[in-house]
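> Give me a 3D structure for the following:
(chains A and B)
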Amino acid sequence: MEHPSVTNHPLCSQELPCLGDMPSEPISPGYRKLNLAVTAAFSLLVFTVLLVVAYQPWFTLPVKLEYSIGVAGAITALLGGLIFTYHYFADRLIYYTLREQDIVLFKGLFFKKVICQPMLRIQHIDIQRGPLERLAGLATLKVYSAGGSDYTLAIPGLAEETAEKMRQFVLNHSDLTRD
Amino acid sequence: MTTSTESVQTTSSHWQRLSPWSVLHFLFLQLRQSVSFAIYVIPAYVVGGHKLIDSEYFPLLLLAMGAGWAISSVLKYYFFQFTVTDKGIAIRSGVLDRTFTDLPYERIQNVKFDQPFYFRFNDLLIVTLDTAGSAKQEARFAGVSSAYAQFVKDTVMRAHRQQSATTTEDSAASTTTDEELLNERSIRDLILHGITNNRVWIVLGTLAPFYEQISGFIFRQMNALRPQAEAWLGEQVVALWYVGVMSVLIAIVLLILMALFSIGGSVLMFYGYRLTRQGDKYIRNSGLLNRQEVSMKRSRVQIARQQQDWLDRLLGRVNLYFEQNVTGRTNPNELKATHKLLVPSVTVAESDELTSNVFSAQQARHMNFEPIHKRYFWRQLMLWILPLTALAGFVSFKVLGATGALPTLLILGVMVTLTYLHWQRWGIANDATYIYVRKGIIGIDYWCFPLAKVQQVEVRQSLFMRRRRLSTLGFVLASGRVKVPFVATDFAAPLIERVLYEVEVKKPGWM
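The predicted structure follows:
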């Protein structure tokens, strides 16, 4: 059962670390901006609430509570800082490649991850847009296979029309209309 | 026993009813529901309800309830109608809440027979039609004769065959419908299975015959020592010792009971186990009280797992699993699940043969496995074993002083040995058709799946692994993911290419 007409550039010619050499596109830079903004805004919000509680003029706080507000503030700053730094470095490293026969996603800061989803095995595909993503004009493309929901390939931070185009390309793919 | 399924012809041309005996089934379902309901009601009644309801009326109440069940069961039977057409199977059911289920043949994945105890005496069956979607979409009709159940199954299979006659390569094989017996399990096998599948308990359970002597000995010794101990330590401490020893003994009794339960469960579940092959279908029949029949189409098997734990290895047995797609199944109960076909405690040779029956020319036990890199062992050592040892050491030195070194070293030794063995076992291999994974700690598991069934490929590398040219490979199958860590990239890269070629270019089906 050979199909000489089917072409697909090999995942990589020699070895895996060269996967980065494969022509791939970064996701929209808006995704990183959105994540950074959301992290910063949320941390600030928590901070403000803590400050308001600590320094409001109406009643004095018990010493214990004052102490725990200080701890909460420190934890917020630490977590916010960590998440911010993570997104700052990691979001730039999300790439994808749409090939004739599959979709490949690259991501990871410390743990590099490459996921390859053949078109033939796609069960269905949809676009998800949360309220914040909508605000930023972004969308997440989700590709489902029979492997179950744990192994759904999700490409975040795509420009709206890119996601729509990709979805259409996948839907029109001949493999999806087989049997 | 004449069943009405064939004879009852309702006014509308094809609609049929189940056997009147199906009332038993509906009654049983209601009873079961009521029992779970009673768990809430009885305490409520005991606490407050008995003031509201006079106990004289109690029998009357029960009678009314019984009558209610009987009437509703009869109604349910009366309103349950089904029809088998050339397109599919349709079911109308429900008394007040009418539902109409329409199942085209191509949506039916699996036909399963169950025989609950209340149908044993007249040999009726419950037929369950599994669909690819959610559990809610499955249809079942209870109380049909085995001949009719077989007829339904044949109809479904014939429809499937007609549909795929042009596409499946083994349609020639599927036309042969004579049954071929592949495996049977004796009571002895099932007892072995019960033992090996509850292994922790059984170690203590083997002491059972000596239990009385041991406990008698312990108590005699303790009584003999008691005066001295009391002089040394004071009465209260000694009383504490008594409580401690007693609770250990009780725990042992419980463990023995558990082991017996495990064996009982195994026999109950797998009594009269028969695995047969009918054309391209594998059929499992088993059960002591409730007979269950699970069938699985050969092309649907995604992976064959030969599992062997340490006790299995000692006894030279293997649990063999054939797994098909799990999507949409929320509660994968190990034993009842229809997506797994388990052949319990077969010998190594039998498991190899059965695996070959499903995946022809598989070589799982004869491959040269590419071992995973030793860095896996070092990583486990650094990440888990040493920190855990440090913690255990800290605690035991605090409690025991200098003798704390002993348990610490013991823990370290055991963990290192087990991890070392685990690392040694873990390996991957492939040939033109299959990928094989070997793993385990003391026993050895062999997994085997066709390249062509892969749904998705995943590669993970930490920065350190990248430098050492190692990758963690993940193959997502419809039955779940198979992960192999720390594989040499020089081995992994061509393998991935091969898998993608197999799937994307040859375009094989996975169902």
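> Tell me which stretches of the stretch 101-250 of chain B form strands.
According to DSSP state E, counting those that start in this stretch, the stretch 101-250 of chain B carries its strands in the segments B:108-115, B:124-131, B:139-145, B:179-184.
> Redo those strands as CSV? Include mean pLDDT and mean neighbour count.
(C-beta placed from N, C-alpha, C; glycine too.) Supplementary listing: the strands of the stretch 101-250 of chain B in CSV, determined by pLDDT from 0 to 100; neighbours: other C-beta atoms under 10 Å in any protein chain shown:
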stretch, mean pLDDT, mean neighbour count
strand B:108-115, 80, 21
strand B:124-131, 82, 22
strand B:139-145, 82, 23
strand B:179-184, 86, 14
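> Mind putting the ones you listed into TSV with distance to chain A?
As requested, the strands of the stretch 101-250 of chain B are exported to TSV (distance: least, C-beta to the nearest C-beta, whole Å):
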stretch	distance to chain A
strand B:108-115	12
strand B:124-131	14
strand B:139-145	22
strand B:179-184	27
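> mind checking which of these is nearest B:Lys374?
Put simply, out of the strands of the stretch 101-250 of chain B the one that sits nearest B:Lys374 is strand B:179-184, at 39.1 Å, with distance taken as C-beta to C-beta.
> can you pull the contacts of B:Gly287?
Contact partners of B:Gly287, counting by C-beta atoms under 8 Å, 6 or more residues apart in numbering or on different chains, are B:115, B:268-272.
> From the opening residue of stretch B:501-511 to its closing one, how far?
End-to-end distance for stretch B:501-511: 19 Å, by C-alpha to C-alpha, to the nearest Å.
> what about it, near chain A?
Yes. For stretch B:501-511 and chain A, the contact criterion (C-beta under 8 Å from any C-beta of the partner chain) is met by B:501, B:503-510.
> And these, which of them are buried?
B:501, B:503-505, B:507, B:510 (16 or more other C-beta atoms under 10 Å in any protein chain shown).
> Out of the residues you listed, the closest to chain A would be?
Nearest to chain A, judged by C-beta to the nearest C-beta, of those is B:Glu504 at 3.9 Å.
> picking that back up, a markdown table please, covering the strands of the stretch 101-250 of chain B and showing distance to B:Leu257.
Compiled in a markdown table, these are given as follows (distance: least, C-beta to C-beta, whole Å):
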| stretch | distance to B:Leu257 |
| --- | --- |
| strand B:108-115 | 29 |
| strand B:124-131 | 32 |
| strand B:139-145 | 34 |
| strand B:179-184 | 29 |
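> Okay, now the unreliable bits of chain A?
A:1-21, A:177-179 (pLDDT under 70).
> circling back: with respect to B:Val414, which of the strands of the stretch 101-250 of chain B lies nearest?
Nearest to B:Val414 among the strands of the stretch 101-250 of chain B is strand B:179-184 (36.5 Å), distances taken as C-beta to C-beta.
> partners of the closest one in the sheet?
When pairing is defined by DSSP bridges, strand B:179-184 lines up against strand B:274-278 (antiparallel).
> And for the partner strand, what's in contact with it?
Judged by C-beta under 8 Å, 6+ apart, the contacts made with strand B:274-278 from elsewhere in the structure are B:177-184, B:282-286, B:341, B:343, B:354, B:357.
> In TSV, list the residues of stretch B:501-511 next to chain A along with secondary structure.
Rendered in TSV, the data for the residues of stretch B:501-511 next to chain A read as follows (DSSP: H, G, I helix; E, B strand; the rest coil):
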residue	secondary structure
B:Tyr501	helix
B:Val503	helix
B:Glu504	helix
B:Val505	coil
B:Lys506	coil
B:Lys507	coil
B:Pro508	coil
B:Gly509	coil
B:Trp510	coil
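> immediately after the helix or strand of chain B with the lowest mean pLDDT, which helix or strand?
None of the helices or strands of chain B scores lower by mean pLDDT, DSSP states H and E than helix B:4-7, at a mean of 36. Note on helix B:4-7: by DSSP states H and E, the next helix or strand toward the C-terminus is strand B:16-17.
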